[in-house]
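K.L.:
Generate a structure from the sequence data that follows.
(chains A and B)
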Amino acid sequence: MNAPAPTLPFSLAANPRLSSWINFAADGEVTVSPGKVEIGQGIVTALAQIAADELDIDIGRVRMVRATTAASPNEGVTSGSLSIQHSGRALRHACAEIRQLFLTAASERLGVETSVLQIEDGTISGPGNVRTSYWELADEISLDRDATPGAKPKAIAERALAGQSTQRIDIPDKVFARRRFIHDTALPGLLHGRVLRPEHARAKLADLKEDAARAVPGLIAVVRDGSLPAWSAKPRLAPRLRSRRCARARAGRKAKRYLTKTTSPRS
Amino acid sequence: MPIIRFRLNGAPTEIDADPDQLLLDVLRGPLGLTGPHFGCGAGECGACRVIVGDHAVTSCDTPLWSVADKDVTTLEGLGSPEQPHPLQRAFIAEQAMQCGYCVAGVLMSAAALLRQNPRPTERQVREALDRNLCRCGSQNRIVRAVLRAANETAVT
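P.N.:
Below you'll find the model as predicted:
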């Protein structure tokens, strides 16, 4: 029987250009650009492990690029516990192919067979103390080419990093208050919004008194979808609305409803 | 609007703002800090905790006027990569978070605890962090990290 023809991993088939995933920076770093977002699951660390393993570089050389709509491979949404399956397999395959491209180029430059070359922390060496590196060869090899099926990633037993615990690369930013969260970014024209939820389950919104909200300067809109009202305002002004509502919630007073008047489901 | 003066992470600070504005909104807004996080906005989750005087308070329900002439410390003022607070070192060593959104507040509660009680028991750590919610489930690592920081401080 014939083996099935090799195919590219899902995300790599959708984004085959190798340079959209991996680049060798002049300063000895490797930039890795997944299309999935770090939201606390630890994927940037896991993906760095996969890339470093496959390229035979120290994980400290990996610089993970935060996913952006404009520049990153389009991997759709980040959900469903699929980031390693999609991004990880794409990176593993892309890195295996890139490793092979560089081994071939090194073989030509050094005049030895690829089979006797080895890579250690990005330095490619062979018998007779001949050596070069990813970064020396980077100008010769354009990664603006599409991935091809059939690249052979390392066998599990050959992996040194993937499958081992390592320090998460996002944690230092979080203990030193560096900007890591989407809330810390203000895009041009950013508005803040808030959904007002009823105090009772299955409550129906009977009446929406908007006067008090509309009296707050900076309010942009009050919108309503069935029993869910929401408002939006400019960020600096939004807290006023929030604070009044929260102050009331905390005081635990009988709700003299600020924006909404709800009926309990039984009434 | 009246000018309100206080010390923010050791630096004299004055701000011309509505004294009824919430401390969190002033810190994250005009003062440009991102250490304290907005979580529930109702003083329940602890992500916004900062130290005022000697106590960790929820800045999302603390009015600006109440910190006049006081010392306010946020995560930015706890330590830096060059000079980390023992808690910051310990949280890295114990990998004591998953998403880390709550950790800015957890660190401030823990720092206030260690100021008042440099050698807390595990129970005292758990009590001090009782008002900091973590939905990722990192609580045990967090407790270990605080105890590690306390040990380290006691030794040095």
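K.L.:
Is A:Arg121 in contact with A:Gly60, as I believe?
P.N.:
Careful, residue A:121 is Asp; it's not Arg. No - counting by Cβ atoms under 8 Å, A:Asp121 does not reach A:Gly60; the two are 9.2 Å apart. Any C-beta I mention is one placed from the backbone N, CA and C, and that applies to glycine too.
K.L.:
which bits of chain B sit near chain A?
P.N.:
B:20-22, B:25, B:29, B:33-35, B:37-38, B:41-43, B:60-61, B:74-76, B:79-81, B:84, B:88, B:91-92, B:95, B:97-101, B:103-104, B:107, B:136 (Cβ under 8 Å from any Cβ of the partner chain).
K.L.:
Can I have the buried ones of these as a PyMOL selection?
P.N.:
Listed next is the PyMOL selection for buried residues among the residues of chain B next to chain A, using 16 or more other Cβ atoms under 10 Å in any protein chain shown:
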select buried, chain B and resi 21+22+25+29+33+34+35+37+38+41+42+43+60+61+74+75+76+79+84+88+91+92+95+97+98+99+100+101+103+104+107
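K.L.:
Among the residues of chain B next to chain A, name the ones in strands.
P.N.:
Counting by DSSP state E, no part of those is found in strands.
K.L.:
can you list the residues of the stretch 1-150 of chain A near chain B?
P.N.:
A:39-42.
K.L.:
10 Å - rerun?
P.N.:
A:38-42, A:45 (Cβ under 10 Å from any Cβ of the partner chain).
K.L.:
Need the phi and psi values for A:Arg99.
P.N.:
A:Arg99 adopts backbone torsions of phi -60, psi -40, taken as degrees, to the nearest 10.
K.L.:
So it is in contact with A:Val30, correct?
P.N.:
No - the pair A:Arg99 / A:Val30 is not scored as a contact, 11.4 Å apart, by Cβ atoms under 10 Å.
K.L.:
what do those two both touch?
P.N.:
A:55, A:57, A:134 (Cβ atoms under 10 Å, 6 or more residues apart in numbering or on different chains).
K.L.:
Let me see the contact set for the second one.
P.N.:
The neighbourhood of A:Ile57, defined by Cβ under 10 Å, 6+ apart, consists of A:24, A:28-30, A:51, A:95, A:99, A:119-123, A:133-134, A:161.
K.L.:
any weak-confidence spans in chain B?
P.N.:
Scanning chain B with the threshold set as pLDDT under 70 gives B:155-156.
K.L.:
For chain A, what's the nearest residue on it?
P.N.:
B:Cys99 (2.5 Å; Cβ to the nearest Cβ).
K.L.:
How is the nearest residue to that residue once chain neighbours are set aside classified with respect to secondary structure?
P.N.:
Once flanking residues are discounted, B:Cys99 sits nearest to A:Gly40: 2.5 Å by Cβ to Cβ, 6 or more residues apart in numbering or on different chains. Here A:Gly40 is coil, with the state taken from DSSP: H, G, I helix; E, B strand; the rest coil.
K.L.:
got it, and A:Gly28?
P.N.:
Three-state call for A:Gly28 (three-state DSSP): coil.
K.L.:
how about low-confidence regions in chain A?
P.N.:
Checking chain A against pLDDT under 70 turns up A:1, A:234-267.
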